[in-house]
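Visitor: Let me see the structure of the following:
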Amino acid sequence: MSEFSELIKNFDKIRDYMRDFFVYGFKARGDFSQKSSRTYDNEKRRIESYLGAYIKWDTTKRSKRVFISLDSSKINENPLYSAWKLKSFTANDIMLHFFILDILSTGKCLKIDELSNCICDKYHVCFDAQTVRIKANEYVKEGILLAYKNGKALSYKLSSDFLNNITQNYNDIIDAISYYQEAVPLGVIGSYLLDNEGKKNDIFKFKHHFVVHTLEDKILFILLKAMKEKRKIVFVNQSKKYSKSITYSAIPLKVFVSSQSGRRYITVYNEKRCRFVNYRLDYIKSVDLLEECEVYDYLKQKLEDNLDKCFGVSFGGNSRGEKISIKIYINEETESYIINRIKREGRGGELKKVDTNTYLYSKDVFDTNEMMPWVKSFTGRIISVEGTSEFVVDKFYNDMRRMYKMYVGGEN
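Guide: Numbering: from 1, shown residues only. Predicted coordinates:
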């Protein structure tokens, strides 16, 4: 019988499986072409082993599709955090983990030779001093142990419970972490802290909860580091429009988050194309940091100067500048909320009264087409649409004619 391991060695690979086969639910077993079907079956069972309560499926004529289904109002913690918490280990790893923590739990501060001897005396399992040193230094990086210089050697001590030491308002800190773990990027850090304290979030629920964000947080962390240090990057992008991955070099400047879909984008400056471009974080496979960018502040300011012409995340095509005007009927006496909505959602566009109960909204944008879903939300009030993009304006009127025929003319 074939066996599989629940433990994750490569988080990037498990991110792809969880996103493509579970979160989006687009693919079935037959769509998996990267490796063998056996590999897919192993990955599927691995994910189901710790997300079993949230795994659903439906069956079509062609195949069975498996996906994650959950109600955000009924969960206290993002279930996808479990993907971060499962790591591979050897028999020596797991033994040393408990041996070292148990010996140092008494508050001792020991050198490696002393720690190795204590393990051998107490558990009758002898490890090479270098093996113990590697594990101890690994735990220092993780913050589990503290290292102190003791002559020419290092001594190691178990880290204290810092949450109880940094504040007297322990319960308030726990509440803050409970909110942080579900509402802020890199929230898995909060989940780790709560696990360490033996606590669970039992006070916060979220109506719009984009749990899939945690699968992108490793990429986001590297991008934020590059932005903080004003460095160039090289990254691999694989859009669903293309089967192959494409490598780009660019300068990361800003992160956008859609309030509607929850998708996250990184705005970069592409030096070869001499323009700003947005890429979806969930399409980025890997990121590597390059040298510092000498003109970073100039590019950042140039981006800020252009944001008022972005209605979404598009910086337009070849025209790089379009105008649009929408004339709308609004009953001034009873529909002031429509005026307030346009001012709130219009993203810097100008709204002025041109006649009784008639208003004109106009805006300079990079991409008129990106505005049209919002413009169409005023269908029934729109008197006219004009703009420099003939394609978008014509498409709008054609869509209205088709809709009219469907509802009035009886078109199927």
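Visitor: separation between the residue nearest in space to the middle of the chain and Tyr81?
Guide: Centroid-nearest residue in the chain, with C-alpha atoms, centre = their mean: His213, separated by 3.0 Å. In this view, His213 and Tyr81 are 11 Å apart by C-beta to C-beta, to the nearest Å. In this view, the C-beta of every residue, glycine as well, is placed from N, C-alpha and C.
Visitor: Count the neighbours of Val277 for me.
Guide: Neighbour count of Val277, defined by other C-beta atoms under 10 Å: 16.
Visitor: Then Gly321?
Guide: Residues lying near Gly321 (other C-beta under 10 Å) number 11.
Visitor: can you list residues touching both of His213 and Tyr81?
Guide: Overlap of the contact sets of His213 and Tyr81 (by C-beta atoms under 8 Å, 6 or more residues apart in numbering) consists of Gly187.
Visitor: sorry, back to before: what residues are up against the residue nearest to the centre of the chain?
Guide: With C-beta under 8 Å, 6+ apart, His213 has these contacts: Pro185, Gly187, Gly262, Arg264.
Visitor: Pick the one among these closest to Tyr404.
Guide: For the contacts of His213, the residue nearest Tyr404 by C-beta to C-beta is Gly262; the value is 33.7 Å.
Visitor: My reading is that the closest one lies in a strand. Confirm?
Guide: No: using DSSP: H, G, I helix; E, B strand; the rest coil, the secondary structure at Gly262 is coil, not a strand.
Visitor: now it: how far from Arg280?
Guide: From Gly262 over to Arg280 the distance is 11 Å, taken as C-beta to C-beta.
Visitor: Which one's more surrounded, these two?
Guide: Neighbour count, other C-beta under 10 Å: between Gly262 and Arg280, Arg280 has more, with 17 against 13.
Visitor: does that one have beta-bridge partners, and which?
Guide: Tyr265 (DSSP bridges).
Visitor: Per-residue pLDDT of it, please?
Guide: For Arg280, the model assigns a pLDDT of 92.
Visitor: what do you get for Asp161?
Guide: Confidence score, pLDDT, at Asp161: 68.
Visitor: Flag the shaky bits of the stretch 151-300 of the chain, pLDDT-wise.
Guide: Counting by pLDDT under 70, the stretch 151-300 of the chain has low-confidence residues at 161-162, 164-167, 240-243.
Visitor: And the strands in it, which stretches?
Guide: Assigned by DSSP state E, counting those that start in this stretch, the stretch 151-300 of the chain shows strands spanning 153-158, 231-237, 246-257, 264-270, 275-280, 284-292.
Visitor: which of those sits most buried?
Guide: Mean neighbour count (mean count of other C-beta atoms under 10 Å) peaks for strand 264-270 among the strands of the stretch 151-300 of the chain, with a mean of 22.
Visitor: ok, Tyr265 - contacts?
Guide: Contact analysis of Tyr265 by C-beta under 8 Å, 6+ apart lists Val255, Phe256, Val257, Ser258, Asn278, Tyr279, Arg280, Leu281, Val313.
Visitor: redo that, cut-off 7 Å
Guide: Residues near Tyr265 by C-beta atoms under 7 Å, 6 or more residues apart in numbering: Phe256, Asn278, Tyr279, Arg280, Leu281, Val313.
Visitor: That one and Arg45, how far apart?
Guide: Tyr265 sits 33 Å away from Arg45, going by C-beta to C-beta.
Visitor: for Ser325, same thing?
Guide: Applying C-beta to C-beta, the value for Ser325 to Arg45 is 57 Å.
Visitor: Next: Arg133.
Guide: Going from Arg133 to Arg45 by C-beta to C-beta gives 37 Å.
Visitor: who has more neighbours, those two?
Guide: More crowded of Arg133 and Arg45, by other C-beta under 10 Å: Arg133, with 19 against 13.
Visitor: Please verify my assumption that the more buried one contacts Ile112.
Guide: Yes: contact status for Arg133 versus Ile112: in contact at 4.7 Å, counting by C-beta atoms under 7 Å.
Visitor: how about the strands of the stretch 151-300 of the chain in TSV, adding distance to Lys87?
Guide: Below are the strands of the stretch 151-300 of the chain laid out as TSV (distance: least, C-beta to C-beta, whole Å):
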stretch	distance to Lys87
strand 153-158	20
strand 231-237	23
strand 246-257	27
strand 264-270	25
strand 275-280	27
strand 284-292	19
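Visitor: Can you say which of those strands is nearest to Asp195?
Guide: Closest to Asp195 of the strands of the stretch 151-300 of the chain, according to C-beta to C-beta: strand 153-158, at 17.1 Å.
Visitor: Can you name the residues in contact with that closest one?
Guide: Under the contact criterion C-beta under 7 Å, 6+ apart, strand 153-158 has outside partners Leu101, Leu104, Ser105, Cys109, Leu110, Lys111, Leu115, Ala136, Leu145, Leu146, Ala147, Tyr148.
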